[in-house]
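Trainee: Sequence and predicted structure are below.
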Amino acid sequence: MSSDYRKPSGEPEEEMSVELELEDGSKVNCAVITILEVEGKNYIVLLPLDESGNNEDGEVWFYGYSENEEDPNEEPELRYIEDDAEYEIVADAFDEYLDNCEFDELIAPDEEQL
């Protein structure tokens, strides 16, 4: 996944993960799949991982994403997408992103042997 993650500037980044605190107080570690620019706004696509570092159901989460350009060391801000129409636009952009990825990038090496 590290090759898929790009900053909004298009620069490749090292493999990234994010720890989210949910409304119930639980924490979930998520792998960063990519950051998409949609209609002039940035969105982050996260793959929630279980305690063993796997994602069994293939579910991804979308959040609004912004960085403080004046302080690159500051933690990026994630924003919950409340508007259904906005969410659908981001989901469609992610589907297009997946369509543009090479098939080999989407399959883990151990899955290729199945």
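Mentor: All right, it came through fine.
Trainee: drop to CA atoms for contacts and neighbour counts, all remaining ones
Mentor: Noted.
Trainee: Check the separation of the first and last residues in stretch 67-77.
Mentor: 6 Å (CA to CA, to the nearest Å).
Trainee: what does stretch 43-55 give?
Mentor: 20 Å.
Trainee: now stretch 75-87
Mentor: End to end - CA to CA - stretch 75-87 spans 23 Å.
Trainee: centroid residue for this protein?
Mentor: Nearest to the mean C-alpha position of the chain, counting by CA atoms, centre = their mean, stands V45 at 2.1 Å.
Trainee: Shouldn't that one be within a helix?
Mentor: No - checked against DSSP: H, G, I helix; E, B strand; the rest coil, V45 lies outside a helix; its state is strand.
Trainee: what's around L78, how many residues?
Mentor: By the criterion of other CA atoms under 10 Å, L78 has 16 neighbours.
Trainee: Distance from the chain centre to the helix or strand hosting it, please.
Mentor: In the assignment (DSSP states H and E), L78 maps to strand 77-80. Remark: strand 77-80 is offset 12 Å from the chain centroid, using CA atoms, centre = their mean, to the nearest Å.
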